[in-house]
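Engineer: Okay, predicted coordinates and the sequence, questions at the end:
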Amino acid sequence: MPAKNAASPPTAPYDLAVLGGGSAGYNAARTATALGLKTALIDGACELGGLCILNGCMPSKTLLHVADTLHQARHASRLGLRIPHPAADMLSIQSRKRRIIADFAAYRQEQLHSGDFTLIRHHAHFVDPHTLQLDNESEEQIRARHILIATGSHVSTPSIPGLAQAQCWTSDDVLNLDSLPQSVIVLGGGIVACELAQLLARLGSRVTLIQRSAQLLREHSPEAAAVIESALRDEGVEIITGTQLHRVTREPSRDTGKLGFTVEFEHGGAAQTRHALHCLNAFGRTPHTAALNLAAADVKTAPTGHIRTNRWQQTSAPHIYAAGDCAGPHEIVHLAIQQAELAVRHIHQNPSTAKTTKTKTAKTAESTAATPLKPIDEKLHLSVVFTDPQLATIGLGERALKDAKTPYLSASYPFADHGKAILLEATRGYVKLFAAPKTGRLLGAEIVGRDAGELIHCFSAALALRATVFDMLKAPWYHPTLAEIFTYPLEEIAEQINAAG
Ligand SMILES: Cc1cc2nc3c(=O)[nH]c(=O)nc-3n(C[C@H](O)[C@H](O)[C@H](O)COP(=O)(O)OP(=O)(O)OC[C@H]3O[C@@H](n4cnc5c(N)ncnc54)[C@H](O)[C@@H]3O)c2cc1C
Ligand SMILES: NC(=O)c1ccc[n+]([C@@H]2O[C@H](COP(=O)([O-])OP(=O)(O)OC[C@H]3O[C@@H](n4cnc5c(N)ncnc54)[C@H](O)[C@@H]3O)[C@@H](O)[C@H]2O)c1
C-alpha cells in the first residue's frame, strides 16, 4: 500500500497526536507514553470514556445480566423453586447501571487526565498531513510527526424511505430507558439487534425483529444462527427474515392516538406491515471519518467510509495510522486495542521516528519495545454474541474453510447430551471444532450455549499457540464442568486422524 514515508516537519512538537480517546485512542496514548513518545490526545466528546464504556459493551452487558436473572427467576419452577411475581423495576435497574458505568467512566477519565500525555478537549480535523486544527473558536493547530486516527463510529441511517425522518431509537436510547416500552420493532438482525431484542423481550416488551437477510447474524453459520433464532422465538420475539423494507413512518395510531411507528416491507412476495410504539434502528455503524477532512492529509477511505490501512495500521499517508471502529474490519474492543498498540509500536520501531523525543518513561518501556512486531492474525478472529444462549467463535469457520479450499476435519457435540448442561437446564446449542486433517492442528471453534463467551477462551489460547487436538487432550478437564464437553469433539477428531493412519 503506502509507497513512501512523508517527510516529518522539523518543528513538529509532538511525536504522536491521537485523534479520539475511546478504547483505541486511550490505549494508543498510554502505549506511546510508555515508549517515551511525546503524545497529545485530542477528544472533544461531552463525556470522555468512549463507546465501550459509555454506550456499548459495558452498559449492554450490565443490562443483559439483569434480564438474564429475571428470565431465570421466571423459569425457576423448572428447578422446583417458587419465586412469585419476578418483575423488572426499570428505575432501579437503570440507576444501578448508571452507578456502575459512572465508576468505569470516572476511572477512565482519571487515566486520561493523568498528565502522562497532553489531553486536548476539542474535536479536530486535518489541515495538512502533519497538522490538526481544533474545532473551536481559537482554531489552534496541533502539529505532530505521526497521527493516529481513532475517531470511532456512529449509527448508520441507510436510505430507506422515511427512516431518517422517523427518528428511531438507537442502541443508546435502549440502554438508557427508565421505563419499559410496551412494543418495539427492531430493524436489523446483527449483534445489536439480537442482544437488544432479547433484552427488551425479557424485560417485558413485545418485540418484532425485521431482518433483510435470510438468517440472523449473517456473518455466522446458518446452524449457529438457527439456535439463536429459535431461542428468541421461544421467548416471544416475532422474527421476520428475508424481507425488503419499503418505508418507516412515525404517526399517531388510529386506535389510540399515541405516536407510533409503522414499518412496511415485502416478505415472501407479499406486502406486510407491523406497528409498534417504538422502533430501534440496529442497521449497523458507520465510521466517524466524514468530518476529518482526510483529503487534506491524503488519507484514503473505502466506500464504507472505513480508513484503509495496511497490516501495521498505516494509512495511505504512511505517518498517519488508524485503529478501532473507524478502520474496521470488525468493530470490537479487543481488536481496537490491538490495532492501536500495534500502530504505536510500529511508529516507535520505524526508522522515520528515530528523532522522536525521549522522555523519562522511555527506559522502563524498553523491554516491551523489544518485542518483535507481528501483524494482527485474522485467523485468530474472536467474536462473541451475548444473547442467551451465547454464540462465540474463534478462527476459521466452515464457510471460510470451504471458501479458502482448506482441507479440514470437524466434530461437534450437543449440550443436550452433556451432564453439566443438563443439570443447569442449559441444553440449547452445541460445540463444533475444526482441525487440520493430518496434524490435528486446531483451525477454529464455534460454540452456541450457556457461557460460550467464556468457554471460547479454551480455544483462543490454543489457536494462538498453534495447539493440536492431541495437545488439548493432554490437558486435564475438570468434572463436572461445561468445558469438559470439548473432550468429545477433540477425541472424535483425534480418532479420525488415527484411523486415517
Ligand atoms: C450497543 C453496543 C454494544 C457493544 N458491545 C460490544 C461488546 O460486547 N464487545 C465488543 O468487543 N464490542 C462491543 N461493541 C463495539 C465497541 O463498543 C466498539 O468497537 C469500540 O468501543 C470502538 O472503540 P473506538 O476507540 O474505535 O471508538 P470510540 O470508543 O467510539 O471512540 C472514539 C472517540 O473519538 C472521538 N472523536 C470523534 N471524532 C473526533 C474528532 N474529530 N476529533 C477528536 N475526537 C473525535 C469521540 O468523541 C470518541 O470519544 C458494542 C457496540 C455497541 C454500539
Ligand atoms: N457482542 C459484541 O461483540 C457486540 C455487541 C454489539 C455490537 N457490536 C459491534 O457493533 C457493531 C454494530 O452492530 P450492529 O448489530 O448494529 O451492526 P451489524 O452490521 O452487525 O448488523 C446490521 C444489521 O442491519 C442490517 N442492515 C444493514 N443495512 C440494511 C438495509 N439497508 N436494509 C435492511 N437491513 C440492513 C444487516 O443485514 C444486519 O443484520 C458490530 O460491528 C459489532 O461488531 C459488538
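Structural biologist: Sure, I can see it. Ligands and ions are numbered 1, 2, ... in the order given.

Engineer: buried set for stretch 486-497?
Structural biologist: Residues of stretch 486-497 classed as buried by neighbour count (16 or more other Cβ atoms under 10 Å): 486, 488-490, 492-494, 496-497. The C-beta positions use only the backbone N, C-alpha and C, and glycine is treated the same way.

Engineer: Of those residues, just say which sits nearest to residue 212.
Structural biologist: Using Cβ to Cβ, residue 489 is the member of these that sits closest to residue 212, with 33.1 Å.

Engineer: show me what contacts the closest residue to that closest one other than its chain neighbours?
Structural biologist: Nearest residue to residue 489, sequence neighbours excluded (Cβ to Cβ, 6 or more residues apart in numbering): residue 411, at 3.8 Å. Going by Cβ atoms under 8 Å, 6 or more residues apart in numbering, residue 411 touches 432-433, 488-490, 492-493, 496.

Engineer: The protein - how does it break down into domains?
Structural biologist: 14-53+97-155+286-370, 163-283, 378-499 (automatic domain parsing).

Engineer: which one of those domains is the most hemmed in?
Structural biologist: Mean neighbour count (mean count of other Cβ atoms under 10 Å) peaks for domain 14-53+97-155+286-370 among the domains of the chain, with a mean of 20.

Engineer: Briefly note if that domain comes near ligand 1.
Structural biologist: Yes. Interface with ligand 1: domain 14-53+97-155+286-370 contributes 19-25, 42-45, 50-52, 123-125, 150-152, 288, 291-292, 324-325, 331-333, 336 (Cβ under 6 Å from any ligand atom).

Engineer: Out of these, name the ones that lie in helices.
Structural biologist: The members of these that map onto helices under DSSP state H are 23-25, 50-52, 333, 336.

Engineer: which among the residues you listed gets closest to residue 262?
Structural biologist: Looking across these and measuring by Cβ to Cβ, the closest to residue 262 is residue 51, at 30.4 Å.

Engineer: Excluding chain neighbours, what is closest to the residue positioned nearest the centre of the chain?
Structural biologist: By Cα atoms, centre = their mean, the chain has its centre lying nearest to residue 332, at 2.9 Å. Closest residue to residue 332 apart from its sequence neighbours, by Cβ to Cβ, 6+ apart: residue 383 at 6.9 Å.

Engineer: so the one you found sits in a helix?
Structural biologist: No. Assigned with DSSP: H, G, I helix; E, B strand; the rest coil, residue 383 falls outside any helix and is strand.

Engineer: Switch the ones in helices among the residues of domain 14-53+97-155+286-370 next to ligand 1 over to a markdown table; also include pLDDT and distance to residue 219.
Structural biologist: Supplementary listing: these in a markdown table, determined by pLDDT from 0 to 100; distance: Cβ to Cβ, whole Å:
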| residue | pLDDT | distance to residue 219 |
| --- | --- | --- |
| 23 | 98 | 21 |
| 24 | 98 | 21 |
| 25 | 98 | 26 |
| 50 | 98 | 24 |
| 51 | 98 | 20 |
| 52 | 98 | 20 |
| 333 | 98 | 17 |
| 336 | 98 | 18 |
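
Engineer: Of all the residues in the stretch 51-200 of the chain, which one is nearest ligand 2?
Structural biologist: residue 190 (2.1 Å; Cβ to the nearest ligand atom).

Engineer: and the protein, which of its residues are near ligand 2?
Structural biologist: 158, 160, 188-193, 195, 211-213, 218, 245, 282-285, 330-332, 384-386.

Engineer: mind listing which of the residues you listed are in helices?
Structural biologist: 191-193, 195.

Engineer: Nearest to residue 296 among the residues you listed?
Structural biologist: Of all those, residue 192 has the smallest distance to residue 296: 33.0 Å, by Cβ to Cβ.

Engineer: For the closest one, give its distance to ligand 1.
Structural biologist: With the distance defined as Cβ to the nearest ligand atom, to the nearest Å, residue 192 ends up 5 Å from ligand 1.

Engineer: how about the residue lying closest to that residue once chain neighbours are set aside, what does it touch?
Structural biologist: Spatial nearest neighbour of residue 192, excluding adjacent residues (Cβ to Cβ, 6+ apart): residue 282 at 4.4 Å. The contact partners of residue 282, by Cβ under 8 Å, 6+ apart, come to 171, 186-190, 192-193, 196.

Engineer: re earlier: was I right to think the residue of the stretch 51-200 of the chain closest to ligand 2 contacts residue 284?
Structural biologist: Yes. Applying Cβ atoms under 8 Å as the test, residue 190 and residue 284 come out as touching, 6.1 Å apart.

Engineer: Please identify the residue of the stretch 101-250 of the chain positioned nearest to ligand 1.
Structural biologist: In the stretch 101-250 of the chain, the residue that lies nearest ligand 1 is residue 152 (2.4 Å; Cβ to the nearest ligand atom).

Engineer: need the buried residues of stretch 486-497 in a markdown table with pLDDT, can you?
Structural biologist: Converted to a markdown table, the buried residues of stretch 486-497 look like this (pLDDT from 0 to 100):
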| residue | pLDDT |
| --- | --- |
| 486 | 98 |
| 488 | 98 |
| 489 | 98 |
| 490 | 98 |
| 492 | 98 |
| 493 | 98 |
| 494 | 98 |
| 496 | 97 |
| 497 | 97 |
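
Engineer: any idea how far residue 294 is from the residue of the stretch 301-450 of the chain found nearest ligand 1?
Structural biologist: Ligand 1 sits closest to residue 324 of the stretch 301-450 of the chain, with a gap of 2.2 Å, by Cβ to the nearest ligand atom. Computed as Cβ to Cβ, to the nearest Å, the residue 324 to residue 294 distance reads 15 Å.

Engineer: any idea how far stretch 435-452 is from the chain center?
Structural biologist: Chain-centre distance of stretch 435-452: 21 Å, with Cα atoms, centre = their mean, to the nearest Å.

Engineer: low-confidence ranges in the stretch 301-450 of the chain?
Structural biologist: Scanning the stretch 301-450 of the chain for pLDDT under 70 picks out 351-371.

Engineer: where exactly do the strands run in it?
Structural biologist: 320-322, 382-385, 390-395, 409-414, 430-435, 442-449 (DSSP state E, counting those that start in this stretch).

Engineer: other SSEs contacting the last one?
Structural biologist: If I follow you right, that is strand 442-449. helix 222-234, strand 390-395, helix 398-403, strand 430-435, helix 457-464 (3 or more Cβ pairs under 8 Å, 6 or more residues apart in numbering; DSSP states H and E).

Engineer: got a list of what residue 440 touches?
Structural biologist: Contacts of residue 440 (Cβ under 8 Å, 6+ apart): 409, 468-470, 493-494, 497.

Engineer: a markdown table for the residues you listed, including secondary structure and distance to residue 137?
Structural biologist: Converted to a markdown table, the contacts of residue 440 look like this (DSSP: H, G, I helix; E, B strand; the rest coil; distance: Cβ to Cβ, whole Å):
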| residue | secondary structure | distance to residue 137 |
| --- | --- | --- |
| 409 | strand | 64 |
| 468 | strand | 62 |
| 469 | helix | 63 |
| 470 | helix | 66 |
| 493 | helix | 65 |
| 494 | helix | 68 |
| 497 | helix | 69 |
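
Engineer: how close does residue 208 sit to ligand 2?
Structural biologist: Noted for residue 208: a distance of 14 Å to ligand 2, by Cβ to the nearest ligand atom.
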